[in-house]
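J.: Quick one, what's the 3D model for this:
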Amino acid sequence: MFSDERKDGSPRFGKLHFPVGLWINSPKKHFAKLGRRWPSVGSVKSTSSDTASRGSEPVEMRPATKNKASRHKRISALFQRGGTGVPTSGGRGRWASEKKLADLIDPLPEDRVEPPSQGEVPGILKIYGGDISTGANYKSVLATARSTARQLVQEALERYGVAQANAEDAYVLCDVVGNVNGTDGSWQAQYLRAVGDSERPLVLQDVWKPKTGCTRRFEIRRRCDVERMAEGEDGDGSGISQARRQQSRRSRAASGGHVAPKERADNLSLRRSISEMNLSTKRRRDRKGVLSMAVGEPQEAAEESRLKAAEGAEGTSTPPASEAEAMDVANLEQLSQCLIQPPTEHPYFLQLLGYNEKQEFVIHVMTRRRHIFGRPERCPAPDQSNYVDTFLSAPDILPRHCCVVSSVPPADPSQPRGSAMVRPFRGALITHNGAPLHRQVELAPGDLLGMGQHFLFMYKDPRAAAAPPAWLPKAWVSPGLVGALACQACGRSLQERQEAFRAYLKSREPQLRYRPQEQEALLAEIVRLQEAPNCRLGPAFLFGLCLEHAARELEPGHLPRLIARIAQLVKEAVWEKIKEIGDRQPENQQDKGELGNLSIEEVAADLRPLMLWMANAMELLSLVQKRVLDIEKDLDLEGASHNALLSSDLETCDEAMAVLDEVIMSTFQQSVYYLTKTLYSALPALLDSNPFTATADLSHVPELSSMPEGIQGTLAIYQATLELTRDCDLHPDLVSQTFGYLFFFSNASLFNTLMERGSSHQSLFQWAKAVQIRTNLDLVLDWLQGVGLGDIATEFFRKLSTTANLLCVPKTSLLQTSWSRLRNDYPALTPAQLQHVLTNYQLGPGRVSPECWSPPEKERDEIAHSDIFESFTDHPPLILPCDGFRLRLSEPVSDDTLHRQLTRLRRFLWELERESLPANQRAVYGLDPSQ
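T.: Presented below is the predicted three-dimensional model:
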């Protein structure tokens, strides 16, 4: 929980350092963006001038002829190599459709050339094929407004001399938009899109114009190369152009866009291409063609009927239809454009309301498991977090507005499919079935999803089982008890409302409902609960329920403010307790004539509130950390560059957690300070007392009353501290660290006293005294082992225990031991400390230390400048625990004390809510809190 740091230096993961005065450290396929230039071929320089000058209008329209024979003659003459009647480009027998740069002197502007009003009037379309033949730059083919891309590919392949069977399947017509390089006049392609086999290039040319400064030309490329290039762009492309390309593809698919002929035969959900929808303003003259498309006639038959109609129009003059018939045909065309069947294998959104419905699609298909709605940006950020699947162009739509995650298929097909999830991005205006949406919820098929003030979608999933819609009007529920239990609009009787209220009061579910206006009174009441007997972790538990309610029911920005307020209230309560304890100390009393130390019972009673707040602050910090991790996940998902509100919320939470860290540090510091202050006066008896007196019964070591009188005071302090930590439900890690510091202080204090008195006339450096010290120390360690603190005590009493062992060595053996042997046998002692013990060891009157105790020459300088006393500043750091917390807010309340406090607070909140109602409405709800 605490291991996932959001940033370095966060105070919630710092170490606490302190002395006796302590301190704490505390379909992704977009318009392929190209970067290569087209090379010039031979004397043909149309890579720049031909398309750049005429790329805005690459179609040369010629008037139709009434004579079918002359038309065929003209076509045959056009495709002859250097034949008579067709002007050539020179004496080399070049293709008649090829042009030199010099031929393009005065091209017509784009707005001067218009497509023919009749679909059968042919024109010349230039198709560039550098991937097929390097000897020519483009080929010209005849095209009409009804010519499909597949037909033009077939004709262009014949012009290029590609004679393989079904060669048109291996090539695709591409719509390329680019501009002219101003330095060398070369063509610079910017965007490329594969034209669908059933799309009409001339209609495409007429309806979609390039932006200012760009021109268009059609190219024929190998299908595999185009697909490979699109896959490469998907792998490393980013930005708004990629998102628009994918959205364009998906929107076309959702609205009946381009699919392969075989795929359209298999899937009726994507029926017609854009050109088949007749997006140009021309009218169809053949009624049969429109009707066949409306009833789902196969493509081949519909195409055949259109070709026959076109040939009839070219061969003979057809009398004009009546005005009524023309209007009927136009209405049928509009009707045919609405016949779009939804997909059957993917979830999708049906747009019910929009911002500019004339330019928006009706169906938006989810082709990815994670679908994001947003507004297109002019200058998108380069990171992938800005990716958007569906663009909504409205002023109140955010760049990343809403995210929908579809359900995962169950492992067992017989099991029902899970629900999709929808979550708004921070600051986005979202409604779910008419209710404001602030956080992630389930999205069921048929749910209504509103985005901003303009867009309304219905979510549909054809894979899920049919179910009635969930957006029928329901009773409004407020965060308070009146809205949840006593709303008369829900149709419940008076008795039913009373039963619901009584069930809520007695419920053991971890739930505490309140309104924002009652929050301050509720928090103050929770702080006062700490003084109640047997409360223990009640404040942290109730504060946690407040956090759960705010995260679930209130607006997202309320939770960080609530965390900060709770931390501030806890800090103020702790500061008051610290001040009260300080005022009760003897040295701070006005009457200083009778100064005396407080007993351990008085100290434990004073420290109990601090220990309780330490335990509650630790549990509360873990609950807050869980909520902060959720906010950090939202920030990582939405991106810090897009949401300053989330960043501000995290800063607020960090400051609140720093306050809780400070509370833990201060309570720990004050607790160990007063405990060590009491220990300081009890420890010297361990060095002076004789455990071998007649009153000591060493056969009942665990019993404190049977211990020697000299160590009873020290053990009483340890026992009172242990009972205090258990009574306050202090975290086990904090209990261990509390005793770790007490043992550290005891070891350092006893060792320094031993070293100080060893050089005086009351020397303790003798064998008889050492045996008494060793026995007292063993009794203390054995008792601590019996209460579960033996390992910690052994670790921190190592130096004192090593010194006692050295002094207990028989005098005759010690006199024969060399300096190097003593250094190896007692490594816990520094050279200076060992030298001090040996120098002041009581050998007897007139006896001097043996020469073998002398340290070598190289260590004497170090010993002379070293301190023999232990420093109190080298204490162990306080490390906050990462697990092992006691509170579980997801489980029913099993503790009777906590349940009583929870019930009392529920009644308290109900009284506050009743008082806020008008006097003539308080009895209407029929809820008696005394029941």
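J.: Low-confidence ranges, the stretch 351-500 of the chain, go.
T.: Under the criterion pLDDT under 70, the flagged ranges of the stretch 351-500 of the chain are 379-385, 470-494.
J.: cutoff 50 now
T.: 474-478, 489 (pLDDT under 50).
J.: same deal with the stretch 51-200 of the chain?
T.: Ranges of the stretch 51-200 of the chain meeting pLDDT under 50: 51-119.
J.: how about the strands in it?
T.: 59-61, 123-128, 138-143, 171-180, 187-194 (DSSP state E, counting those that start in this stretch).
J.: With mean neighbour count and distance to residue 430 added, can I get the ones you listed in JSON lines?
T.: (C-beta placed from N, C-alpha, C; glycine too.) Output for the strands of the stretch 51-200 of the chain, formatted as JSON lines (neighbours: other C-beta atoms under 10 Å; distance: least, C-beta to C-beta, whole Å):
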{"stretch": "strand 59-61", "mean neighbour count": "17", "distance to residue 430": "46"}
{"stretch": "strand 123-128", "mean neighbour count": "23", "distance to residue 430": "47"}
{"stretch": "strand 138-143", "mean neighbour count": "23", "distance to residue 430": "48"}
{"stretch": "strand 171-180", "mean neighbour count": "22", "distance to residue 430": "36"}
{"stretch": "strand 187-194", "mean neighbour count": "21", "distance to residue 430": "33"}
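J.: Residue 158 is nearest to which of those strands?
T.: For these, proximity to residue 158 was assessed by C-beta to C-beta; strand 138-143 is nearest, at 8.7 Å.
J.: between the strands of the stretch 51-200 of the chain, which one is nearest to residue 345?
T.: strand 187-194 (22.4 Å).
J.: and the angle from the closest one to strand 171-180?
T.: 140 degrees (axes from the mean of the first three to the mean of the last three C-alpha atoms, to 10 degrees).
J.: same question for stretch 885-897, mean pLDDT?
T.: Across stretch 885-897, pLDDT averages out at 89.
J.: what about that stretch, start to end distance?
T.: 18 Å (C-alpha to C-alpha, to the nearest Å).
J.: Next, the buried residues of it.
T.: 885-887, 893, 895 (16 or more other C-beta atoms under 10 Å).
J.: what's that stretch in contact with?
T.: 508-510, 534-538, 540-541, 544-545, 548, 618-619, 622-623, 729, 731, 899, 902 (C-beta atoms under 8 Å, 6 or more residues apart in numbering).
J.: same thing but at 10 Å, please
T.: Applying C-beta atoms under 10 Å, 6 or more residues apart in numbering, the external contacts of stretch 885-897 come out as 1, 507-511, 532-538, 540-541, 543-545, 547-548, 615-616, 618-623, 626, 729-732, 898-903.
J.: now swap in stretch 857-866 and tell me
T.: 819, 823, 830-836, 854-855.
J.: Any chance of CSV for those residues, columns neighbour count?
T.: As requested, these are arranged in CSV below (neighbours: other C-beta atoms under 10 Å):
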residue, neighbour count
819, 19
823, 16
830, 17
831, 16
832, 18
833, 23
834, 23
835, 22
836, 20
854, 15
855, 18
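J.: I'd like those as TSV, with distance to residue 795, secondary structure and pLDDT appended.
T.: Listed next are those as TSV, based on distance: C-beta to C-beta, whole Å; DSSP: H, G, I helix; E, B strand; the rest coil; pLDDT from 0 to 100:
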residue	distance to residue 795	secondary structure	pLDDT
819	27	helix	93
823	22	helix	92
830	18	coil	93
831	23	helix	93
832	23	helix	92
833	19	helix	92
834	21	helix	92
835	25	helix	91
836	24	helix	91
854	32	coil	90
855	28	coil	90
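J.: and which of the residues you listed is nearest residue 567?
T.: Nearest member of those to residue 567, counting by C-beta to C-beta, is residue 830, at 44.2 Å.
J.: Any figure for the gap between the closest one and residue 179?
T.: As judged by C-beta to C-beta, to the nearest Å, residue 830 and residue 179 stand 81 Å apart.
J.: which residues in the stretch 501-650 of the chain form helices?
T.: 519-528, 538-553, 558-583, 600-638, 644-682 (DSSP state H, counting those that start in this stretch).
J.: Now do stretch 751-762, average pLDDT.
T.: 82.
J.: what's the closest of the helices of the stretch 501-650 of the chain to residue 400?
T.: Closest approach to residue 400 among the helices of the stretch 501-650 of the chain (C-beta to C-beta): helix 600-638, 6.2 Å.
J.: what angle sits between the closest one and helix 644-682?
T.: Going by the same axes, to 10 degrees, helix 600-638 makes 160 degrees with helix 644-682.
J.: Would you mind listing the buried residues in helix 600-638?
T.: 600, 603-604, 606-607, 609-625, 627-628, 631-632, 634-635, 638.
J.: rewinding a little: out of the helices of the stretch 501-650 of the chain, deepest packed?
T.: helix 538-553 (a mean of 22; mean count of other C-beta atoms under 10 Å).
J.: which residues sit in contact with residue 773?
T.: Neighbours of residue 773 in contact, by C-beta under 10 Å, 6+ apart: 686-689, 691, 750, 754, 764, 800-801, 803-804, 807-808.
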